[in-house]
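Q: Need a 3D model of the following:
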Amino acid sequence: MVKSTDKIQRWCGTFRAAVLGISGIVFSFLAYQLAINGQVRYVEGESFDLLWQSEQASNGVLFGLSVPLLAGMLLNVYWIIRLLKLFSNGQFFHHSCYICYQGFIWTKIALVLYSSGLTFSLDYWYHTLYHSNQVVLKIPFGELMTLGLFAVVAYLLKAAKEIEDENKEFI
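A: Numbers count the residues shown, from 1 in each chain. Below is the predicted model:
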C-alpha cells in the first residue's frame, strides 16, 4: 500500500509540473497574440471577432468583457495545481481537497454561465450595430449537468470521509 501511495504522489507531482508547464505555454501564447497580433484568442464566438475588427466597437470594452474569462481560466489552473500539490503530499481526502474540488467546479460553472451571457450580449451588440440575425442564447445544458454531478460526487466523497473518520473514532 505504501508503494502505491508513493507512486501516486510522484505521479501527481509530475502531473502538477506538466500542468504548470502547459499552462505557462498557453498563457504565453495568449499574451503574445494580444500584445503582438492584437487578437484575443480565448473568447469563442464569431461576434466577438467581428466586433473586435469593427471600427464602431471599442476594443478596450471588449477586452474588459473578456477579462473574467481569462481570470476564470487562471483560477481553474490554480485549483488544479493546489489539488495536485495536496495529492503529491499524500493528502488525498483532506478537507482542503474538497475545497479545491468545489472551487474548481463552481469556477467552471461560473465560466460556462458567463460565457453564455457574454456570447448572447455580443451577438445582440453586433445585431444592433449591423442588423444581423445572429442573436442566440446558447446554454450548454449537458456541461452544466456534468458539473452539477461532479459537485454531488465531491460532496458524497466528503460525507463518506466524515463517516469513515467517525467510525474510526468509535472503534
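Q: helices or strands up against the host helix or strand of Phe150?
A: Per DSSP states H and E: Phe150 is located in helix 141-170. In terms of contacts (3 or more C-beta pairs under 8 Å, 6 or more residues apart in numbering; DSSP states H and E), helix 141-170 is packed against helix 95-130. Every residue, glycine included, has its C-beta placed from N, CA and C.
Q: Also compute the angle for the helix it packs on relative to helix 141-170, please.
A: Angle of helix 95-130 versus helix 141-170, following axes from the mean of the first three to the mean of the last three C-alpha atoms, to 10 degrees, is 170 degrees.
Q: buried sites along helix 95-130?
A: 97-105, 107-109, 111-112, 115-116, 118-120, 122-123, 125-126 (16 or more other C-beta atoms under 10 Å).
Q: Same question for stretch 156-165.
A: Applying 16+ other C-beta under 10 Å to stretch 156-165 flags 158, 161 as buried.
Q: now swap in stretch 49-62 and tell me
A: Buried positions in stretch 49-62, judged by neighbour count with 16+ other C-beta under 10 Å: 49-52, 57, 62.
Q: next one: stretch 18-31 to chain centre, how far?
A: Computed by C-alpha atoms, centre = their mean, to the nearest Å, the chain-centroid distance of stretch 18-31 equals 14 Å.
Q: Identify the residues contacting it?
A: 41-42, 70, 74, 77, 80-81, 84 (C-beta atoms under 8 Å, 6 or more residues apart in numbering).
Q: Likewise for stretch 89-97?
A: 5, 8-9, 82-83, 86-87, 157-158, 161.
Q: what about that stretch, average pLDDT?
A: Summarised as a single mean, pLDDT over stretch 89-97 is 87.
Q: And that stretch, end to end?
A: Length of stretch 89-97, first residue to last, C-alpha to C-alpha, to the nearest Å: 11 Å.
Q: C-alpha coordinates for stretch 123-140, PDB please?
A: Listed next in PDB are the C-alpha coordinates belonging to stretch 123-140 (Å, rounded to 0.1, in the frame of the first residue of the first chain):
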ATOM      1  CA  ASP A 123     -24.500  38.800 -30.500                       C
ATOM      2  CA  TYR A 124     -27.000  41.400 -29.500                       C
ATOM      3  CA  TRP A 125     -24.400  44.200 -29.700                       C
ATOM      4  CA  TYR A 126     -23.400  43.100 -33.200                       C
ATOM      5  CA  HIS A 127     -27.100  42.800 -34.200                       C
ATOM      6  CA  THR A 128     -27.800  46.400 -33.100                       C
ATOM      7  CA  LEU A 129     -24.800  47.700 -35.000                       C
ATOM      8  CA  TYR A 130     -25.200  45.700 -38.200                       C
ATOM      9  CA  HIS A 131     -28.800  44.500 -38.100                       C
ATOM     10  CA  SER A 132     -27.900  40.900 -38.500                       C
ATOM     11  CA  ASN A 133     -29.900  37.900 -37.300                       C
ATOM     12  CA  GLN A 134     -27.300  36.300 -35.100                       C
ATOM     13  CA  VAL A 135     -28.700  36.800 -31.600                       C
ATOM     14  CA  VAL A 136     -28.700  33.300 -30.000                       C
ATOM     15  CA  LEU A 137     -28.700  32.300 -26.300                       C
ATOM     16  CA  LYS A 138     -26.700  29.100 -26.000                       C
ATOM     17  CA  ILE A 139     -26.800  27.300 -22.700                       C
ATOM     18  CA  PRO A 140     -24.600  24.200 -22.600                       C
END
